[in-house]
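Peer 1: This is a predicted model, with the sequence first.
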Amino acid sequence: MWTDPPTHRPLSGLVSQAFTPKTVARLRPRIADIAAELITGLPDGEFDIVDAVAYPLPLIVIVELLGVSPADRAFFKDCTDRSLGLRVDPALPPEELGRIVADATKEPRRVPAGRGPAPPGAPIRRPAQRPRGRRARRRAAPDTKVAALASMLLTAGYVTTTLLLGNVLLCLRDNPGVEQRLRTDRSLVPAAIEEVLRCRPPVSQAYRIADEDVPVAGEVVPANGFVTVSVLSANHDERQFGDPDRFDLHRDPNKHLAFGHGIHFCLGAPLARLEAGIALNRLFDELAELRVGDDITFHDAEFYGATRMTVSARRG
């Protein structure tokens, strides 16, 4: 995600085949099993839905895909939090903050992927294997880049989906009547998830560097200029979305930018959609009532979602 062509293509090719809709669809039974295990054990009453479901579900899936030992899940969670700057004091000097984030980003690479059990047909190991033969070795990515890809996948593979699952519940809370429609007609769940992605994209900003002078809205972004793009604003652009502040289960087309655009479009989009759909359907199956309370802690910076969300649940 930090490279341009021609460097980008071979790195993207290493993992893109692991995230095609067809490949991801084969993971459905395992994801369903994980969701069932997590959600079936939920108590009546109050609990933190992020800690109980939204965080562990995508984390278990991605570490299994990479073959990471279950014993290392907490380690990777802690590394990821620190790499995103979520557990550091913002009052620290900039150089100290930078060192903490850089160290945390490198730390997950110390535990090799592939040493733990992977689910049947886990696709990520295969692209990361060293190709055999002289010609194949010339095409292979260096080990350091494979390690960096694995580290990135661990981070991107669960943080954004954790936020998405929480944002689904927030949208249901803020739009009365939608939850009941979804419970009655489960065929609307995929459209609901797309509308959640539009209204509450887990990553609200994207960053780019202009490779040439670019005119935008009467101004010029100079070559090498650093640009912060608001995904949240783009997803509410009235020129693209009619009545953009309304949560619409039948919005069509719904060309939101929650997963980015172009060559850097999120490789894990099919997996995130599948996980969110399975989790929401299972919550509806197990819980007759699920109400979001007031005890919510939100991410700051560009992340748009909750780190903690207390809900009140009642089984049917």
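Peer 2: Cool, the structure landed. Because the structure is a prediction, the values reported are computed rather than measured.

Peer 1: any low-confidence regions in the stretch 201-316 of the chain?
Peer 2: Scanning the stretch 201-316 of the chain with the threshold set as pLDDT under 70 gives 301.

Peer 1: what do you get if the cut-off is 80, keeping everything else the same?
Peer 2: Counting by pLDDT under 80, the stretch 201-316 of the chain has low-confidence residues at 300-302, 316.

Peer 1: Now do the strands in it.
Peer 2: Under the criterion DSSP state E, counting those that start in this stretch, the stretch 201-316 of the chain contains strands at 205-209, 214-216, 219-221, 226-230, 287-298, 306-315.

Peer 1: Deepest in the core, which of those strands is it.
Peer 2: Compared across the strands of the stretch 201-316 of the chain, strand 306-315 shows the largest average neighbour count, a mean of 18 (mean count of other C-beta atoms under 10 Å). The C-beta positions use only the backbone N, C-alpha and C, and glycine is treated the same way.

Peer 1: quick revisit: tabulate the strands of the stretch 201-316 of the chain (JSON lines), appending distance to Thr184.
Peer 2: Written out in JSON lines, the entries for the strands of the stretch 201-316 of the chain read as follows (distance: least, C-beta to C-beta, whole Å):
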{"stretch": "strand 205-209", "distance to Thr184": "36"}
{"stretch": "strand 214-216", "distance to Thr184": "44"}
{"stretch": "strand 219-221", "distance to Thr184": "48"}
{"stretch": "strand 226-230", "distance to Thr184": "35"}
{"stretch": "strand 287-298", "distance to Thr184": "13"}
{"stretch": "strand 306-315", "distance to Thr184": "18"}
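
Peer 1: among the ones you listed, which is nearest Asp33?
Peer 2: strand 287-298 (18.4 Å; C-beta to C-beta).

Peer 1: was I right about Ser12 contacting Gly262?
Peer 2: No - with contact defined as C-beta atoms under 8 Å, Ser12 does not count as touching Gly262 (11.7 Å).

Peer 1: rewinding a little: let me know which of the strands of the stretch 201-316 of the chain is the nearest to Pro70.
Peer 2: strand 306-315 (22.5 Å).

Peer 1: Next, the angle strand 287-298 makes with that closest one.
Peer 2: 160 degrees (axes from the mean of the first three to the mean of the last three C-alpha atoms, to 10 degrees).

Peer 1: so where does the residue positioned nearest the centre of the chain fall, helix or strand?
Peer 2: Computing the C-alpha centroid of the chain and ranking residues by C-alpha atoms, centre = their mean puts Thr160 first, at 2.6 Å. Secondary structure assigned from DSSP states H and E places Thr160 in helix 143-174.

Peer 1: for that helix, the distance to its chain's centre please.
Peer 2: 3 Å (C-alpha atoms, centre = their mean, to the nearest Å).

Peer 1: in stretch 237-253, what's buried?
Peer 2: 241, 244, 247-248, 251 (16 or more other C-beta atoms under 10 Å).

Peer 1: go on, stretch 27-42?
Peer 2: 27, 30-31, 34-35, 38-39, 42.

Peer 1: State the pair within those that is farthest apart.
Peer 2: Longest span within the buried residues of stretch 27-42, C-beta to C-beta: Leu27 and Leu42, 22.5 Å.

Peer 1: And the strands of the stretch 201-316 of the chain: which comes nearest Ile60?
Peer 2: Across the strands of the stretch 201-316 of the chain, closest to Ile60 is strand 306-315 (C-beta to C-beta), at 18.3 Å.

Peer 1: hey, where'd the strands end up in the stretch 1-150 of the chain?
Peer 2: Under DSSP E, counting those that start in this stretch, the stretch 1-150 of the chain gives strands at 45-48.
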